[in-house]
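> coordinates only, sequence not included:
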């Protein structure tokens, strides 16, 4: 098997990349190794570290609490003041399937039960338990309009993304018609998109300006074509959340007189500390949120977890949470020189990790009764679900590999657990950087290695 893996990574279509591979069993016996201690950009394999540290520091039962606080008296069915929404980072409030609408309707009904039919003041978003730096260090500037690179806040709606609905104009050369749905994103559209000839190919470029909350759309869309939808990151997650909440309250029959506002943009913020807590809502537990993060490789969840770890010691910051992640790994005896934690999701090119450290992490988790089963249950299963749903189908690795994938430009990663033909459990990490070739060739090679592991027998 060792010779076969050597041959796979020496093949001309992938040999320009730098490979780091470690395979061992839970007893600590190394089965295969190449560049075990070299540092690699791990992409979304960083989420393995983030989740392990979050489970250790926060616990699997941890949930994010959102509070509605009234800052005035309730008389004659009127809240004579502002309604402050105090967030702690819940990343699970989304409305792509109508779930948030139902949740906000429940909140509205609870306010009505408390005698509130009218809110004379504003719907205020209090996001002060996290800092205001939404983006992670080392994120690529040309990703910042994308829905996978949204900023993080304590009030989050639709994973802090909205949709561009792009339609052609009535005739060739007319400006395209572009709308943002839902509202409240705090984005401005700069439309440079034109209508091209029928049956031509669409050519649409979307960019977020770095110095302003402006989305610029250039290129063309064919006359008569169906609408095209693109997800983009919002400018202000807090404003986005409270705008959606205000709209839902009004639709539910509550008369909201004031605007939806971010507390950081108010010259006269309400004295929320002296207000009355009207409602508390808790997110699903960390164990459930972690499954979404790992199987869908949800970056927003990972960055939220890191800030939540940091918030245990004050305001949640990426740096504070990253230091806590590193501290957890040190306490577990993992080599400190084999890791550099810059963010939680792996979007940062400043993240560095060795395959040896990832294997040691996974081995530690597998032998920790508190962590092992819930952690493994979050991982995608080869050929079945998550980011591995379409990979390794019909091979010996199908159902026998649970692993986290990772993908950035010129970086691919997959680390996790595999069962051999003898049902021997293995821990593995495969990291590839700087391949400069087609990424599908790299993924085919990593899949071939995983099949070798699943076929391995000592008999």
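That came in fine, so what should we check first? Everything numeric in this text was worked out from a predicted model, so none of it was measured. Numbers count the residues shown, from 1 in each chain.

> Could you measure from the residue nearest the centre of the chain over to residue 203?
Compute the mean C-alpha point of the chain, and by C-alpha atoms, centre = their mean the closest residue is residue 299, 2.0 Å away. Counting by C-beta to C-beta, to the nearest Å, the gap from residue 299 to residue 203 is 27 Å. To be clear about C-beta, it is placed using only N, CA and C from the backbone, and glycine gets the same treatment.

> now swap in residue 173 and tell me
Using C-beta to C-beta, residue 173 is found at 15 Å from residue 203.

> Also residue 195?
12 Å.

> shared neighbours of those two, which are they?
residue 220 (C-beta atoms under 8 Å, 6 or more residues apart in numbering).

> contacting residues around residue 141?
By C-beta under 8 Å, 6+ apart, the contact list for residue 141 reads residue 210.

> Next: the one 3 residues further on.
When contacts are counted by C-beta under 8 Å, 6+ apart, residue 144 is found next to 135, 208, 210, 233.

> again, but for residue 335
The contact partners of residue 335, taken as C-beta under 8 Å, 6+ apart, are 37, 354, 356, 357, 360.

> and with 7 Å instead?
residue 357 (C-beta atoms under 7 Å, 6 or more residues apart in numbering).

> After the helix or strand containing residue 361, which helix or strand is next?
Here residue 361 sits within helix 355-366, counting by DSSP states H and E. Using DSSP H and E, the next helix or strand after helix 355-366 towards the C-terminus is helix 372-378.

> Now do the top helix by length along the chain: which elements does it pack against?
Identified as the longest helix of the chain according to DSSP state H is helix 439-455. Counting contacts by 3 or more C-beta pairs under 7 Å, 6 or more residues apart in numbering; DSSP states H and E, helix 439-455 is packed against helix 2-9, strand 411-419, strand 425-433.

> Now do the buried residues in it.
The neighbour-count check on helix 439-455 (16 or more other C-beta atoms under 10 Å) flags 439, 442-454 as buried.

> Let's have the contacts of residue 144 in a markdown table, adding neighbour count, pLDDT and distance to residue 161.
Supplementary listing: the contacts of residue 144 in a markdown table, determined by neighbours: other C-beta atoms under 10 Å; pLDDT from 0 to 100; distance: C-beta to C-beta, whole Å:
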| residue | neighbour count | pLDDT | distance to residue 161 |
| --- | --- | --- | --- |
| 135 | 19 | 93 | 14 |
| 208 | 20 | 89 | 12 |
| 210 | 9 | 84 | 18 |
| 233 | 25 | 95 | 6 |
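
> how about those residues, which pair is most distant?
Of all pairs drawn from these, the one with the longest distance (C-beta to C-beta) is 210 and 233, at 12.7 Å.

> Could you export the contacts of residue 144 to CSV, including columns for secondary structure and distance to residue 425?
Below are the contacts of residue 144 laid out as CSV (DSSP: H, G, I helix; E, B strand; the rest coil; distance: C-beta to C-beta, whole Å):
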residue, secondary structure, distance to residue 425
135, coil, 38
208, strand, 44
210, coil, 47
233, strand, 40
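
> residues near residue 265, how many?
A count of nearby residues for residue 265, using other C-beta atoms under 10 Å, gives 12.

> tell me the pLDDT at it?
pLDDT for residue 265: 92.

> swap in the one 5 residues further on?
Model confidence at residue 270, given as pLDDT, is 84.

> quick revisit: ok, the contacts of residue 144 vs residue 317, which is closest?
For those, the nearest to residue 317 is residue 135 (12.3 Å; C-beta to C-beta).

> residues in contact with the closest residue to the closest one other than its chain neighbours?
Using C-beta to C-beta, 6 or more residues apart in numbering and skipping the chain neighbours, the partner closest in space to residue 135 is residue 151 (5.6 Å). Residues in contact with residue 151 (C-beta under 7 Å, 6+ apart) are 134, 135, 160, 233, 237.

> Residue 186 and residue 215 touch, don't they?
No: between residue 186 and residue 215 there is no contact under C-beta atoms under 7 Å: 10.8 Å.

> if you count what's nearby, which of these two comes out ahead?
residue 215 (25 against 17).

> Doesn't that one lie inside a helix?
No: checked against DSSP: H, G, I helix; E, B strand; the rest coil, residue 215 lies outside a helix; its state is strand.

> check which helix or strand covers residue 192.
strand 188-196.

> who are the neighbours of that strand, in terms of helices and strands?
On a contact count with 3+ C-beta pairs under 7 Å, 6+ apart, strand 188-196 meets strand 177-181, strand 214-222.

> With mean pLDDT added, can I get those strands in CSV?
Listed next are the helices and strands packed on strand 188-196 as CSV, based on pLDDT from 0 to 100:
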stretch, mean pLDDT
strand 177-181, 94
strand 214-222, 96
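
> Select, out of these, the one closest to residue 31.
Comparison of the helices and strands packed on strand 188-196 against residue 31 by C-beta to C-beta identifies strand 214-222 as nearest, at 49.4 Å.

> Can you tell me what sits against that closest one?
Contacts of strand 214-222 (C-beta under 7 Å, 6+ apart): 145, 166, 168, 176, 178, 187-200, 202-209, 228, 232.

> Please indicate which of the residues you listed are buried?
Buried members of the contacts of strand 214-222, scored by 16+ other C-beta under 10 Å, are 145, 166, 168, 176, 178, 187, 189, 193-196, 204, 206-208, 232.

> okay, the closest residue in space to residue 356 that isn't next to it in sequence: pLDDT?
The shortest distance from residue 356 to any non-neighbouring residue, by C-beta to C-beta, 6+ apart, is to residue 36 (4.1 Å). On the pLDDT scale, residue 36 is placed at 98.

> do you know how far residue 36 is from residue 355?
From residue 36 to residue 355 the distance is 6 Å (C-beta to C-beta).

> out of the two, which sits in the busier spot?
Just comparing residue 36 and residue 355: by other C-beta under 10 Å the higher neighbour count belongs to residue 355, 29 against 18.

> wait, doesn't that one sit right on residue 34?
No: when contacts are counted by C-beta under 7 Å, residue 355 is not listed as touching residue 34 (8.6 Å).

> Mutual contacts of the two, please.
Common neighbours of residue 355 and residue 34 (C-beta under 7 Å, 6+ apart) are 20, 21.

> rewinding a little: sec struct for the residue nearest to residue 135, please.
The local conformation at residue 151, judged by three-state DSSP, is coil.
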